[in-house]
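Undergrad: give me a 3D structure for the following:
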Amino acid sequence: MTPHHPLTSQQIDIWLAFYQTITAPELHEALLELLNDAERQQQIRFYRPDDRLRYLVTRALVRITLSRYAPVAPADWTFIPNEYGRPAIGNPHPDARSLNFNVSHTRGLIALAVTRERVLGVDVENLATRQVSDGIAEHFFAPAEVAELATVPEDRRQDRFFEYWTFKEAYIKARGMGLSIPLDRFSFHFPNERKVALAVDPELGDDGARWRFWQFRPTPEHLLALCAERLDGAVPHVTVRTVIPTVSDTPFAWTLLKR
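TA: Below you'll find the predicted structure:
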């Protein structure tokens, strides 16, 4: 198998799968064949059909997409979790080992981000199906974020909450440590509606200037945030495509909200 999507550390590809449109039983069967035994067993444990489909497409999407960048068959990818449970590529081929990826899913949408030689994290949320109470921000956010959120008009507060939330999730996923990083020990600040800045408590052993961020809406209901490590200072080129695994992929026109 020859990779047909060249990729360097100066590029980040985001693949979007609107999995609820994938309804053909024969396609479901084809995707299921790509999963390993443990993934197949996990897939049937989900009670809700939507959850089973989302898991199936997520796992198949990761395998098929990674095979675009390295000469490894989709069914042959192996993954090794770190101590916090984040999976890393276990295949020995150098084109495989240089890849970094992260995946996020919510109701209606799966997002997969891929690059080389730099760590990254992605988060996507469905704003239409998730309602949040004021107390959630007070419990999880940094004091500066809580204070800023309180100044936002009520009809915009839900959206602003998720602007914070997706950035915070993308950051902790890029760190590879999940919720072992306290969400109130780092904070995002919006100098204006197009800019974002990160401040990190020194005790977390990180520098906010180490990271770049992007945020956009794939649909009116969905919000996506991407966090990627800075390397040489150059801004990576981000490409977005929609995909039906094994069937088609199409360039996706997106408008940057914040960076």
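
Undergrad: for the strand or helix carrying residue 53, buried residues please.
TA: Taking DSSP states H and E as the criterion, residue 53 maps to helix 49-66. Using 16 or more other Cβ atoms under 10 Å as the test for burial, helix 49-66 gives 52-66. Placement of C-beta: from N, CA and C, glycine included.

Undergrad: likewise stretch 142-151?
TA: Neighbour-count burial for stretch 142-151 flags 142, 145-146, 148-149 (criterion: 16+ other Cβ under 10 Å).

Undergrad: next helix or strand past the worst-scoring helix or strand of the chain on mean pLDDT?
TA: Every helix and strand of the chain was ranked by mean pLDDT, DSSP states H and E. The lowest is helix 134-140, at a mean of 83. Using DSSP H and E, the next helix or strand after helix 134-140 towards the C-terminus is helix 143-150.

Undergrad: where do the helices sit along the stretch 1-150 of the chain?
TA: Under the criterion DSSP state H, counting those that start in this stretch, the stretch 1-150 of the chain contains helices at 25-32, 37-45, 49-66, 94-97, 134-140, 143-150.

Undergrad: make a markdown table from the buried residues of stretch 142-151 and add distance to residue 108 and pLDDT to it.
TA: Rendered in a markdown table, the data for the buried residues of stretch 142-151 read as follows (distance: Cβ to Cβ, whole Å; pLDDT from 0 to 100):
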| residue | distance to residue 108 | pLDDT |
| --- | --- | --- |
| 142 | 30 | 94 |
| 145 | 27 | 93 |
| 146 | 29 | 92 |
| 148 | 29 | 92 |
| 149 | 26 | 90 |
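
Undergrad: can I assume residue 239 sits in a helix?
TA: No - counting by DSSP: H, G, I helix; E, B strand; the rest coil, residue 239 is not part of a helix but strand.

Undergrad: if we can go back for a sec, among the buried residues of stretch 142-151, which one lies nearest to residue 215?
TA: Nearest to residue 215 out of the buried residues of stretch 142-151 is residue 145 (Cβ to Cβ; 15.1 Å).

Undergrad: how much space separates the closest one from residue 191?
TA: Shown here: residue 145 relative to residue 191, a distance of 14 Å by Cβ to Cβ, to the nearest Å.

Undergrad: for residue 91, same thing?
TA: Taken as Cβ to Cβ, the span from residue 91 to residue 191 is 42 Å.

Undergrad: so what's residue 23 scoring on pLDDT?
TA: We have a pLDDT of 94 for residue 23.

Undergrad: ok, now how distant is it from residue 180?
TA: Separation of residue 23 from residue 180 (Cβ to Cβ) stands at 38 Å.

Undergrad: same deal with residue 228?
TA: Distance, residue 228 to residue 180, by Cβ to Cβ: 20 Å.

Undergrad: and the two? Which one has more around it.
TA: Neighbours per residue (other Cβ atoms under 10 Å) separate residue 228 from residue 180, with residue 228 holding more: 25 against 11.

Undergrad: ok, residue 51 - contacts?
TA: Contacts for residue 51 (Cβ atoms under 8 Å, 6 or more residues apart in numbering) come out as none.
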